[in-house]
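Visitor: I'd like to go over a predicted model; first the sequence, then the structure.
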Amino acid sequence: MSYAIIRNEKYTKDEMIQLAPHNERFKKKYSNKNIDLTKTSQNYHLKLPKENTYLKEYNRLIKNNLSQGQLHKNSIYVCEVILTSDNTFFNGIGKKETKRYFKECFKFMTEYNGIGKENILTAVVHLDEETPHMHLVYMPVVNAKDK
C-alpha cells in the first residue's frame with residue numbers, strides 16, 4: 001500500500017541561505033548520491049522564485065506583502081515542506097498523474113492554514129532523484145489578530 005509523506009522543517013536565516021543551492025540545483029556536484037544530474041533538466045517549478053537567492057526572495061516578499069517583527073539570530077525565517085510518496089505509487093500512476101499529484105500538493109499547501117501562494121518562496125519538483133518529491137519553501141505568517 002502506498003503512502004503520502006509530508007515533512008516540515010523550520011530554518012533560521014543562515015540555514016535558509018543553504019537551501020537554495022540544493023533545491024534549485026545551482027551546484028555542479030552533490031554529496032547526495034541519489035541525484036542524477038543527467039535528469040536535472042526534468043525538474044520543474046510550480047512557483048519559481050523571482051530572485052536568485054532565497055534571502056533576496058524572502059526580502060522581496062516581506063517588502064511587498066508583510067510587516068516584519070524583530071528578528072534574532074535564531075528566529076525562524078522560513079519553513080520547508082517536502083511532499084512525496086513511495087516509488088510504487090509514482091510508477092503506478094505515470095508521468096502525467098505525477099504532475100497532477102504535485103499540482104494538488106501545491107494547491108493544498110497554498111490553502112493550508114492561511115499560508116497563501118504569496119508567502120511561498122519556491123515550489124520545485126525534483127525528478128532527478130530516486131523518488132519524485134517537491135520542496136516547497138514558505139514564510140510562516142502569524143496574523144496579528146491571532147497572537
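Guide: Noted; the coordinates are in hand.

Visitor: How about residues contacting the helix or strand of the chain with the lowest mean pLDDT?
Guide: Using mean pLDDT, DSSP states H and E, the weakest-scoring helix or strand in the chain turns out to be helix 54-65, at a mean of 86. Residues from elsewhere that reach helix 54-65 (Cβ atoms under 8 Å, 6 or more residues apart in numbering): 13, 16-17, 19-20, 49-51, 68, 77-78, 118-119, 121-122, 137, 139. Every C-beta, even on glycine, is put in place using the N, C-alpha and C of the backbone.

Visitor: Tell me which entries of those residues lie within strands.
Guide: Mapping the contacts of helix 54-65 onto strands (DSSP state E) picks out 78, 121, 122, 137.

Visitor: can you put the residues you listed in a markdown table and add distance to residue 43, neighbour count and pLDDT?
Guide: Shown next, in a markdown table, are the ones in strands among the contacts of helix 54-65 (distance: Cβ to Cβ, whole Å; neighbours: other Cβ atoms under 10 Å; pLDDT from 0 to 100):
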| residue | distance to residue 43 | neighbour count | pLDDT |
| --- | --- | --- | --- |
| 78 | 20 | 25 | 94 |
| 121 | 16 | 27 | 96 |
| 122 | 12 | 24 | 97 |
| 137 | 15 | 25 | 97 |
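
Visitor: circling back: if you count neighbours, what's buried in the least confident helix or strand of the chain?
Guide: Across helix 54-65, burial judged by 16 or more other Cβ atoms under 10 Å covers 54, 55, 57, 58, 61.

Visitor: C-alpha coordinates for that helix, CSV please?
Guide: C-alpha atoms of helix 54-65 as CSV (Å, rounded to 0.1, in the frame of the first residue of the first chain):
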residue,chain,number,x,y,z
TYR,A,54,16.2,32.6,-1.0
LEU,A,55,17.3,35.6,1.1
LYS,A,56,16.7,38.0,-1.7
GLU,A,57,13.3,36.4,-2.4
TYR,A,58,12.4,36.5,1.3
ASN,A,59,13.3,40.2,1.5
ARG,A,60,11.3,40.9,-1.7
LEU,A,61,8.2,39.1,-0.4
ILE,A,62,8.5,40.8,3.0
LYS,A,63,8.8,44.2,1.4
ASN,A,64,5.8,43.6,-0.9
ASN,A,65,3.4,41.7,1.3
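
Visitor: Much appreciated, bye for now.
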